[in-house]
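Novice: attaching a predicted model along with its sequence, questions to come.
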Amino acid sequence: MRAGHVLQLVKRGVITFITVSAVIFFLLGVSWSDFTSFMYKFGIPGVLVTMLIVSFLQYTYVTYKAHKAHEGYPGPERESFFTGNYNQMREAQNKNQLFELLAEWVKCHGDTFVFWRHESPKFFTTDPDVIKSMLTEITIFKKADSIPNRTLFGQRITGTSSFLTVSEGQLWAQKRKVMSSYFTKIHMATMYDKMRSYIDRGLDQQFGEISRNRDTPVDLVEFYGELFQFFLGALGCDLDCDLVSGNAKFHNDIIQKILKWVPQQFRPYHEYLKLRMQPEVGETIEKVIELRKIANQILTVKRNSMKEKGFDPNDIVHHIIKGNSKTPKKDPSQEMDDMMTLFLVIDNMAKTLATFFVRVIRMPEIYTKIMEEVRGADLSSLQTMDKSLRYTEMAILECLRLHPTLMRGIRIAKKDVNLNNGMKVRAKSLIFFGQLILHKNPKYWSDPEEFIPERFAQGSATIAPFTYLPFVAGPRVCMGKHLAMLSMKLSIVGTLRKFHLVPVPGEEKEMEWDNRFTIVRPTKGHMVHFLSTAGA
């Protein structure tokens, strides 16, 4: 049983025991002194035992009541009365088979069904109509605001108030309005030359390391992780700022450790405590604290520059400061939450690029088309780049179909909702939507397991609405999608104009991804050699 359930059990027991005892003694006309005297005679052990019995009975009743309320709903059979499907899902997650389990449940029970995590029913859907409602009807559904992955064993990472994690309300509206202006396609066009320069300089820095270690295989996840931390530093902190660009390797190391340990904290209490005692976890927490301090240093520098020179629309950190300046509750830690969110989400581009190359270097026909297109690409402007990298864009979109950075999303019902299949989602219930399963559903995609960039030749014209969600959709659509596509294209061009990427010997056919948690990343096939194209 998880720590939360133990605490919930004790809390219920204490409240119920005291309430019931007080009511009984009141009805019997017993005075307060007689009541306390009785409690004293009963003894602390007796009181504790009674409270546990009462709380267990109450917990049993609540679980039974939940089962009855969802009786007849499609979904996998519960393994036990109290644990539901928790153990089955946990075992699948540990084996990196959670995606396969969820896909099997969709196949057996339909697009929308109920599974059980202990006494709590959870809804899962791949129904495009339900997902459309979840993502667009903000008066009915909201983003989950209490997900534990905002912290690492109690240490705040992004919190629940950043521009990405805040669930709704005035704070969300204010931050969204200010931040989204930075990420528009029009603004990206004005920033194009700068961004191209930043990517080129970042790649040159990375290529220098490769040339000094020619025979050493390169980890694509690490390579592009460092590149995009450099890129972020350039965007928000200028190239000479050692706080980010000059320490891209250090930043990326922290980000990868955060992403390694955050998902593993969702364990039973005894395992959670054991994990927390590991030295690497303690070191990671210390680095998170250090990274938040660096974020605060950056914010201090940028606040001063805003006072001296005014707001710079091309400075992403200025947008963060402005977005927090008119929030209902002025809290300095919220700005640090936004900075930490930037550090983390920029890594999604790195994961996607690593996955992109893991795929295409093992597909000679596709790789050749991309290489030819890259060599002839016109990079004079954003518009000409987009036109001359059409096939490369199709390959990126196909990569995001098979390997979306987020495997699944979550929303909370703000009130009772009746779904299109007759199921009732009660207020405060969690409902998950599965991008990874939806993207591989043969109802919407022909040959869904195959990597076929040409399926995006007509853009979105041939794609059913709300069946392709790499950037989600609706009012909370990913603000950075234009920045992501722009920077990934520039990175591909910058890489392939100078190097061929080849798998390390023995891994020519090896490809594997970690689908255990929300964020997908390659675990096999990401070690490659960079071979110079000079003279080729």
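Specialist: Structure's in. What do you need?

Novice: flag the shaky bits of the stretch 401-536 of the chain, pLDDT-wise.
Specialist: Regions of the stretch 401-536 of the chain meeting the criterion pLDDT under 70 cover residues 516-519, 535-536.

Novice: 90 instead, please
Specialist: For the stretch 401-536 of the chain, residues meeting the criterion pLDDT under 90 lie at 405-410, 419-422, 434, 436, 459-462, 472-480, 505-526, 533-536.

Novice: gap between the nearest residue to residue 336 once chain neighbours are set aside and residue 314?
Specialist: Excluding the flanking residues, the one nearest residue 336 by CB to CB, 6 or more residues apart in numbering is residue 295, at 4.7 Å. (Glycine included, C-beta is placed from N, CA and C.) Here the criterion is CB to CB, to the nearest Å. By it, residue 295 lies 20 Å from residue 314.

Novice: neighbours around residue 85, how many?
Specialist: 22 (other CB atoms under 10 Å).

Novice: residues contacting it?
Specialist: 76, 78-79, 115-117 (CB atoms under 8 Å, 6 or more residues apart in numbering).

Novice: go again using 7 Å as the cut-off
Specialist: 76, 78-79, 115-116 (CB atoms under 7 Å, 6 or more residues apart in numbering).

Novice: do residue 480 as well
Specialist: Contacts of residue 480 (CB under 7 Å, 6+ apart): 183, 345.

Novice: so how far is residue 503 from residue 509?
Specialist: Distance from residue 509 to residue 503, counting by CB to CB: 8 Å.

Novice: overlap in contacts of those two?
Specialist: What both residue 509 and residue 503 touch, as defined by CB under 7 Å, 6+ apart, is the set residue 362.

Novice: out of those two, which sits in the more crowded spot?
Specialist: Neighbours were tallied for residue 509 and for residue 503 using other CB under 10 Å; the higher tally belongs to residue 503 (20 against 8).

Novice: the more buried one contacts residue 360, doesn't it?
Specialist: No: with contacts counted by CB atoms under 7 Å, residue 503 stays clear of residue 360, the gap being 11.4 Å.

Novice: okay, residue 125: pLDDT?
Specialist: pLDDT, residue 125: 95.

Novice: list phi and psi for the residue nearest to it when sequence neighbours are not counted.
Specialist: In space, residue 125 comes closest to residue 112 once its chain neighbours are excluded; the distance is 4.1 Å by CB to CB, 6+ apart. Backbone torsions for residue 112, taken as degrees, to the nearest 10, come to phi -130, psi 130.

Novice: likewise residue 120?
Specialist: According to degrees, to the nearest 10, residue 120 has phi -100, psi 130.

Novice: go on, residue 365?
Specialist: Main-chain torsions, residue 365, degrees, to the nearest 10: phi -70, psi -40.

Novice: quick one: neighbours of residue 431, just the number.
Specialist: Using other CB under 10 Å, residue 431 has 24 other residues around it.

Novice: can you classify residue 523 as helix, strand or coil?
Specialist: Assigned with DSSP: H, G, I helix; E, B strand; the rest coil, residue 523 falls in the strand class.

Novice: mind checking how far the helix or strand that contains the residue nearest to residue 336 is from the chain centre?
Specialist: Per DSSP states H and E: residue 295 is located in helix 279-309. Relative to its parent chain, helix 279-309 has a centroid offset of 21 Å by CA atoms, centre = their mean, to the nearest Å.

Novice: what's the following helix or strand after that helix?
Specialist: Per DSSP H and E, helix 279-309 leads on to helix 316-325 as the next helix or strand towards the C-terminus.

Novice: what's the angle between that following helix and helix 279-309?
Specialist: Here the directions of helix 316-325 and helix 279-309 differ by 90 degrees (axes from the mean of the first three to the mean of the last three CA atoms, to 10 degrees).

Novice: just the buried residues of the helix or strand just after helix 316-325, please?
Specialist: Following helix 316-325 in sequence order, the next helix or strand is helix 332-360 (DSSP H and E). Applying a neighbour-count criterion of 16 or more other CB atoms under 10 Å, one finds 334-360 buried in helix 332-360.
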